[in-house]
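> Here is a sequence together with a model predicted from it:
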Amino acid sequence: MQDRELYKQILGLSSPWSVASVELKAVEGEVHVHVAHPRGTKFCCPECKRELSCYDHASERQWRHLDTCQFKTLLHARQPRVQCPEHGVQLVSVPWAEKSSRFTIMFERLAIDVLKVTQTVTGAMVIMRTSWDETWKILTKAVDRGRARKVATPMPRIGIDEKAFSKGQSYVTLLVDIDNSTVEAIADGNNTESGTACFSTLNESQLNAVEAVAMDMSPAFLAAAHAVIPLAETKIVHDRFHVMQHATEAVDKVRRREHRELKQEDDLRLSGTKYVWLTSQENLSDKQSERLEAIFYSGLETGKAWAFKELLRDLWSQPTSVEATAYFKQWYRRVIHTKLEPMKKVARMIKKRLRNVVSYCDLGITNAVAEGINSKIMSIKRRVGGYRNRENFKKAIFFYCGGLDLYPR
């Protein structure tokens, strides 16, 4: 009697359900709790909520519950069925588990917490003592549940970026809510079609509410934004990180060419200096700063390219887009009259999309949130050794980065 009352409280059961018996199987390390209801109890049709007499019972089912000390706790019951005049014979819902689940709501909630902390299915299954398939199904159901509950709200500032799914040219495109740091949509590939698919997940009200879109200088994403987002040309902000990445790569191209030429004359001044030029000036160590300064004042082309790269960084500190445009034009005139072909190529590229580069000064957004999410996704991929299944990869992204309400109720 005490055992039955104890487990009634543990399971949170209320009328008409009660614990009929409790069975301890010490050798198997399990506690089996059998739940029943009184004869003559009426139940509601799950479709129309009409109260009806019990028609019959389905075969006994078993649900995994939270462990009792070191013992697995398994709940047993025969689910009632009702015969509804409108909907026919229906299986009655039980208060301790969701439809078609083999776990109680309390167990699923704990499993979701463990998945969040461990960030791996394997780690969670070891702690929860479940199989890989069982644990993955809990994750999948949580994502489906969360996405079904998702309410379409305005997202004034969004970002779009690509993420490598596996080695080679295999990508997914992510649409990110910058203000909430959440992934809102995922599409296969990194082309115009995938960008369009992501933007098209927003309803008309959300599209009209978009004030700024951060992206790299990908022509594909640019075309997608123009195709879907109203007045996109005034809202696009080419991410400064990617623009500066192009400039940094240009400096490295200048260094590599000049290093080859100097080596032919047994001049090794640029040997081992790659990261001196690639690192932002404020992040250089004292030793690196001394070496950079020594080479810079020797008049090498690499030093000149680096100086132009550093000057370009000031573009994003201008108060307005008008002042940023004037600053760029001065920078452009100086670069274009040099022999630094890689830097000139970058200058022309920026000039072509200048309006959406300097728009940062008015709209003030970057894709830093998307980059942060990419880092989180990479961390998750490393922990599990990658995802062979693309759909599983997308489910994991939504679970860990979707900001979803994952828990059963």
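Arrived safely.

> tell me which residues of whichever helix in the chain runs longest are tucked away?
In the chain, with assignment by DSSP state H, the single longest helix is helix 240-263. Within helix 240-263, the residues scored as buried using 16 or more other CB atoms under 10 Å are 240, 242-244, 246-248, 250-255, 258-259, 262. Every C-beta, even on glycine, is put in place using the N, C-alpha and C of the backbone.

> what angle sits between the lowest-mean-pLDDT helix or strand in the chain and helix 240-263?
Every helix and strand in the chain was compared by mean pLDDT, DSSP states H and E; the lowest is helix 368-384, with a mean of 78. Counting by axes from the mean of the first three to the mean of the last three CA atoms, to 10 degrees, helix 368-384 lies at 70 degrees to helix 240-263.

> Can you name the secondary structure element that comes next after helix 368-384?
Once the chain leaves helix 368-384, the next helix or strand it forms, by DSSP states H and E, is helix 390-401.

> Flag every buried residue along that next one.
Per 16+ other CB under 10 Å, helix 390-401 contains these buried residues: 393-401.

> follow-up on the earlier one: can you give me the offset of whichever helix or strand comes after the longest helix of the chain from its chain's centre?
Following helix 240-263 in sequence order, the next helix or strand is helix 274-278 (DSSP H and E). Relative to its chain's centre, helix 274-278 lies at 31 Å (CA atoms, centre = their mean, to the nearest Å).

> likewise stretch 111-129?
18 Å.

> And it, what's buried?
So for stretch 111-129, counting by 16+ other CB under 10 Å, buried means 111-112, 114-115, 118-121, 123-125, 128.

> what's in contact with it?
With CB atoms under 8 Å, 6 or more residues apart in numbering as the test, stretch 111-129 has contacts from 67, 72, 103, 110, 130-132, 134-136, 138-139, 142, 379-380, 383-384, 399-400, 406-407.

> Packing partners of the longest helix of the chain?
Counting by 3 or more CB pairs under 8 Å, 6 or more residues apart in numbering; DSSP states H and E, the packing neighbours recorded for helix 240-263 are helix 274-278, helix 301-313, helix 341-352.

> and the longest strand belonging to the chain, what does it pack onto?
Ranked by number of residues, the top strand in the chain under DSSP state E is strand 51-68. Under the contact criterion of 3+ CB pairs under 8 Å, 6+ apart, strand 51-68 touches helix 2-11, strand 42-44, strand 71-84, helix 105-118.

> Mind checking those for the one nearest to residue 367?
With respect to residue 367, and counting by CB to CB, the nearest of the helices and strands packed on strand 51-68 is helix 105-118 at 24.9 Å.

> Following element in sequence after that closest one, please.
Going down the chain from helix 105-118, the next helix or strand is helix 121-128, by DSSP H and E.

> picking up where we left off before, kindly export the longest helix of the chain (C-alpha atoms) in PDB.
What follows is helix 240-263, C-alpha atoms only, in PDB (Å, rounded to 0.1, in the frame of the first residue of the first chain):
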ATOM      1  CA  ARG A 240      32.700  43.400 -42.700                       C
ATOM      2  CA  PHE A 241      34.400  40.200 -41.500                       C
ATOM      3  CA  HIS A 242      34.100  38.700 -45.000                       C
ATOM      4  CA  VAL A 243      35.200  41.900 -46.700                       C
ATOM      5  CA  MET A 244      38.300  42.100 -44.500                       C
ATOM      6  CA  GLN A 245      38.900  38.400 -45.200                       C
ATOM      7  CA  HIS A 246      39.300  39.300 -48.800                       C
ATOM      8  CA  ALA A 247      41.700  42.100 -48.000                       C
ATOM      9  CA  THR A 248      43.800  39.800 -45.700                       C
ATOM     10  CA  GLU A 249      44.000  37.200 -48.400                       C
ATOM     11  CA  ALA A 250      45.200  39.800 -50.800                       C
ATOM     12  CA  VAL A 251      48.000  40.800 -48.400                       C
ATOM     13  CA  ASP A 252      49.000  37.100 -48.200                       C
ATOM     14  CA  LYS A 253      49.100  36.800 -52.000                       C
ATOM     15  CA  VAL A 254      51.400  39.900 -52.100                       C
ATOM     16  CA  ARG A 255      53.600  38.300 -49.400                       C
ATOM     17  CA  ARG A 256      53.900  35.000 -51.200                       C
ATOM     18  CA  ARG A 257      54.800  36.500 -54.500                       C
ATOM     19  CA  GLU A 258      57.400  38.800 -52.900                       C
ATOM     20  CA  HIS A 259      58.800  36.100 -50.700                       C
ATOM     21  CA  ARG A 260      59.500  33.900 -53.800                       C
ATOM     22  CA  GLU A 261      61.300  36.800 -55.500                       C
ATOM     23  CA  LEU A 262      63.400  37.600 -52.500                       C
ATOM     24  CA  LYS A 263      64.400  34.000 -51.900                       C
END
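
> Which residues does that helix contact?
Contacts for helix 240-263 (CB under 8 Å, 6+ apart): 216-217, 268-271, 273-274, 277-278, 300-302, 305-306, 308-309, 312-313, 316, 340, 342-343, 345-346, 349-350, 357, 360, 366-368, 371.

> Now do that helix against helix 301-313, angle only.
Note on geometry: by the same axes, to 10 degrees, helix 240-263 and helix 301-313 are set 170 degrees apart in direction.

> burial of residue 90, as a residue count?
21 (other CB atoms under 10 Å).

> Assign residue 176 to helix, strand or coil.
Three-state call for residue 176 (DSSP: H, G, I helix; E, B strand; the rest coil): strand.

> Next, the contact list for it, please.
Neighbouring residues of residue 176 by CB under 8 Å, 6+ apart: 158-161, 182-184, 367, 369-370, 373.

> burial of residue 139, as a residue count?
22.

> wait, doesn't it sit right on residue 400?
No. At 9.5 Å, residue 139 does not count as touching residue 400 under the criterion of CB atoms under 8 Å.

> returning to what we had before: average model confidence for the longest helix of the chain?
The average pLDDT within helix 240-263 is 94.

> what do you get for stretch 294-302?
Across stretch 294-302, pLDDT averages out at 87.
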